[in-house]
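> sharing a sequence plus its predicted fold:
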Amino acid sequence: MSTLRSFLTTVTRFLKNNVFAPFTPQWWKSRVLSKIPFIGRGAKKQALPDTDAQTAPVAPQAPTVVRQYEEHPSTAYMELKYNFRDVGRMQAISETLGRDFLTAMPEGAWKSRLGQIAFLHRRIHEDITSTRMSDLIERAKSHQSNHPDDWDEWDTANLREMDTMHSHYKPVSPDLIEKRARMSYEGRRQHRDCLSAGDWPAAREYLTRVIDLNKQIAEAKCQACNTNSPYEALMDEYMPGIKLSDVESWFGTMEKRLSTLLPEILERQKQTEPPKDMHDFYPAKAQMWLNQAMLSAIGFDFQRGGLYETGHNPVEGGTPEDTRLVIKNVDIHNFMDSLKSALHEGGHGIYIQGLPRTTWRYQPVAQDMGAAVHESQALIIEMIMARTRAFYSYISPRVEGLFHGLQNPTLSADNMHKNKIWVQPTTQRKSADEVTYFLHVLHRFKLERDLINGKLKVADLPDAWNAGMRDLLGIEPDSVKDGCLQDVHWFVGKFGYFPSYAIGHMLAAQLYQTMRKDEGSDLFEHIAQGNFMPVTSWMREKIHKKGRLLQFDDLVTEATGKKLSPKPLIAHLESRYLKDNALISA
């Protein structure tokens, strides 16, 4: 292969200098080298799909107007746009520092990095809540009321989101904001160390501090908004527009149906052989190549982002121009977990990259819609698309070659697919199947709601955790490492985030239902051929490019024709796991 590359390099140089000067080495690499399967330890690795052959040429377009700088009759609104641009820039810097904290930062720099991140969060808070910002928002709102024709739907939404951000920050003191930012990143280290050692006393002490801080923030927001639900005040940070009463209603419907659906599925599985165990040796470098290849296939742009490993928990973040995906260090005995994590974070990543960056840049209207929509974008890829039979028809021959397993029955499409849709209760949320996943989220939702609302003491958390697992799944963890210490969320102060996983799954199923109607049977044919762009393009059109133009209910209704409901997810689970050919179907 080195000889072939040397030859191609020589040819490239000759073409550049003598024949086709416009065809640069970068052109040759992207059009030729990228299409050649490369060799690694004797196994042929498949090239990525030729996306040029799958998509029609795009006609040249006129330059896009950057609305962030476009003149507006309201001078107050113009100043607001510049101010929020700078806020957005500081948020982007903080995101980059945070991703570096998890990946490349020297271990000895962590204390100074905490101070840097905390300072930026305080500065962002001070800028958003300044007296000048309050005055500008009121003046812009007055102009909008008096001159409605000057405000199109995007400017209107941008001002609405500016006002929302200001209202969100205003009740909380800068000291609390700075302290929470510091504790959130310190919490990643605390979680890593406590989990590794199974150290509940140290975890209890730290969690008590984090919960006390979050209670102070929640109480400040409740007083400003005249509400009496501290947990809902925190939840609103992650899922704007979603009420606690709605969550409790949706979750009640899901819990009731799963109480009978899960036993039905487990009974049905007894009629077939379980999947073959896939634990083997899968080199880490080969796994990361597969992860990167699949992210490229689903539309993640590595010119504007990257995939990294960490000793911490997986996370995504950054900006549309610099999107950082971080997954846990790969397990050399299980490539499916690594691929699952990469696809999940990749779903987040293509959402971030699809936001309206070219027109609105750092403006509030260009931001994502919050955790529920974010998780829907991750779960429609990882939980729904990557559990179809078509998906494994595509990757099976490629992983056979990549991992030197030609005709290995454990790497067959049937066996990999069966592994992914096999239902078996487990103590670990991250290892949960698609059916029991909701019950893990429900369990955490109930516990964190009670912790914030004062009904559950931190000291009683391990016992409450174990009791909930017995009630919901009929199993109990052997230790706190498999129990209440397994997730990083509470250590970093994300109280109110857990419901977004289940709501995201609900939304993913509802989007999937609509997408299948729009795309028809061709959808699975595309996936089986490795062409995931119809999925990504559909999501770009319906969700990504909207930013925060619409509020949650309106976004869901416009995309799917109806408000969010648990019914599509229930129908999806019934179809995938109970129909006659459930264990061999797409």
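Now that the structure is in, tell me what you want to look at.
> who touches Gly347 in this structure?
By C-beta atoms under 8 Å, 6 or more residues apart in numbering, the residues touching Gly347 are 298, 377-382. For every residue, glycine as well, the C-beta is placed using N, CA and C.
> present those as TSV; the columns should include pLDDT and neighbour count.
Formatted as TSV, the contacts of Gly347 follow (pLDDT from 0 to 100; neighbours: other C-beta atoms under 10 Å):
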residue	pLDDT	neighbour count
Ile298	96	20
Gln377	97	28
Ala378	97	23
Leu379	98	28
Ile380	98	25
Ile381	97	30
Glu382	97	22
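> out of these, which is nearest to Ala92?
Gln377 (19.9 Å; C-beta to C-beta).
> dihedrals phi and psi, the closest one?
Backbone torsions for Gln377, taken as degrees, to the nearest 10, come to phi -70, psi -30.
> any idea how far it lies from Met383?
11 Å (C-beta to C-beta, to the nearest Å).
> tell me, what's touching these two both at once?
Residues touching both Gln377 and Met383 by C-beta under 8 Å, 6+ apart: Ala508.
> hey, C-alpha coordinates of the helix or strand hosting Ala378 in CSV?
Taking DSSP states H and E as the criterion, Ala378 maps to helix 371-379. C-alpha atoms of helix 371-379 as CSV (Å, rounded to 0.1, in the frame of the first residue of the first chain):
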residue,chain,number,x,y,z
ALA,A,371,-32.0,18.6,25.7
ALA,A,372,-35.2,16.9,24.6
VAL,A,373,-34.8,17.8,20.9
HIS,A,374,-31.0,17.2,21.2
GLU,A,375,-31.5,13.7,22.6
SER,A,376,-34.1,13.0,19.9
GLN,A,377,-31.5,13.6,17.3
ALA,A,378,-29.0,11.3,19.0
LEU,A,379,-31.6,8.6,19.7
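> how far off centre is the helix or strand Lys221 falls within?
Lys221 belongs to helix 200-225 when elements are defined using DSSP H and E. Between the centre of helix 200-225 and the centre of its chain there are 25 Å (C-alpha atoms, centre = their mean, to the nearest Å).
> next helix or strand past that helix?
Scanning forward in sequence from helix 200-225 by DSSP H and E, the next helix or strand is helix 230-238.
> still on that earlier bit, how about TSV for the contacts of Gly347, with distance to Ser521 added?
What follows is these, written out as TSV (distance: C-beta to C-beta, whole Å):
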residue	distance to Ser521
Ile298	20
Gln377	24
Ala378	25
Leu379	23
Ile380	18
Ile381	20
Glu382	23
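> nearest to Tyr77, of those?
For those, with Tyr77 as the reference and C-beta to C-beta as the criterion, the closest is Gln377, at 30.3 Å.
> and Lys563, how many residues sit next to it?
12 (other C-beta atoms under 10 Å).
> quick one: it and Asp553 touch, right?
Yes: proximity of Lys563 to Asp553 meets the contact threshold set by C-beta atoms under 8 Å, at 5.7 Å.
> give me the residue at the spatial middle of this protein.
His348 (3.4 Å; C-alpha atoms, centre = their mean).
> could you dump the one helix or strand that residue maps to to PDB, C-alpha only?
Of the helices and strands defined by DSSP H and E, His348 is found in helix 335-353. Output of helix 335-353 as PDB, limited to C-alpha atoms (Å, rounded to 0.1, in the frame of the first residue of the first chain):
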ATOM      1  CA  PHE A 335     -16.800  -2.700  19.500                       C
ATOM      2  CA  MET A 336     -20.600  -2.500  19.600                       C
ATOM      3  CA  ASP A 337     -20.600  -0.300  22.700                       C
ATOM      4  CA  SER A 338     -18.000   2.000  21.200                       C
ATOM      5  CA  LEU A 339     -20.000   2.300  17.900                       C
ATOM      6  CA  LYS A 340     -23.200   2.900  19.900                       C
ATOM      7  CA  SER A 341     -21.600   5.700  21.800                       C
ATOM      8  CA  ALA A 342     -20.100   7.300  18.600                       C
ATOM      9  CA  LEU A 343     -23.500   7.100  16.800                       C
ATOM     10  CA  HIS A 344     -25.300   8.700  19.800                       C
ATOM     11  CA  GLU A 345     -22.800  11.600  20.100                       C
ATOM     12  CA  GLY A 346     -22.800  11.800  16.300                       C
ATOM     13  CA  GLY A 347     -26.500  12.400  16.300                       C
ATOM     14  CA  HIS A 348     -25.900  15.300  18.600                       C
ATOM     15  CA  GLY A 349     -23.100  16.400  16.400                       C
ATOM     16  CA  ILE A 350     -24.900  16.600  13.100                       C
ATOM     17  CA  TYR A 351     -27.700  18.600  14.900                       C
ATOM     18  CA  ILE A 352     -25.100  21.100  16.100                       C
ATOM     19  CA  GLN A 353     -23.500  21.300  12.700                       C
END
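> how far does it sit from its chain's centre?
The chain centre lies 7 Å from the centre of helix 335-353; the measure is C-alpha atoms, centre = their mean.
> give the rounded mean pLDDT of it.
Averaging pLDDT along helix 335-353 gives 95.
> ok, and for that helix, which residues are buried?
For helix 335-353, the neighbour count (16 or more other C-beta atoms under 10 Å) marks 335-353 as buried.
> show me where this protein has strands.
39-40, 43-44, 305-310, 315-319, 322-328 (DSSP state E).
> worst mean pLDDT among these?
Among these, strand 39-40 scores lowest, at a mean of 32.
> the helix holding His348 to strand 305-310, inter-axis angle?
140 degrees (axes from the mean of the first three to the mean of the last three C-alpha atoms, to 10 degrees).
> would you mind getting the angle between helix 335-353 and strand 322-328?
Helix 335-353 and strand 322-328 meet at an angle of 160 degrees, taking the same axes, to 10 degrees as the criterion.
> quick revisit: do you know which of the strands of the chain lies nearest Val365?
Nearest to Val365, of all those, is strand 315-319, at 14.9 Å by C-beta to C-beta.
> quick one: the helices in the stretch 151-300 of the chain, in order.
Per DSSP state H, counting those that start in this stretch, the stretch 151-300 of the chain has helices spanning 153-169, 174-197, 200-225, 230-238, 244-269, 284-297. These are given in chain order.
> of the ones you listed, which stretch is the most buried?
Of these, the one with the most neighbours on average (mean count of other C-beta atoms under 10 Å) is helix 230-238, at a mean of 23.
> distance between that helix and the chain's centre?
Centroid displacement of helix 230-238 relative to its chain, using C-alpha atoms, centre = their mean, is 19 Å.
> ditto for stretch 350-368
Put simply, stretch 350-368 sits 15 Å off its chain's centre (C-alpha atoms, centre = their mean).
> cool, and stretch 510-519?
20 Å.
> where is the longest helix in this structure?
Assignment by DSSP state H gives helix 75-102 as the longest helix of the chain.
> mind listing what's buried along that one?
76-81, 83-84, 87-88, 90-92, 94-95, 97-99, 101-102.
> so that helix versus strand 322-328, what angle?
Angle, helix 75-102 to strand 322-328, by the same axes, to 10 degrees: 30 degrees.
> all good on my end, thank you.
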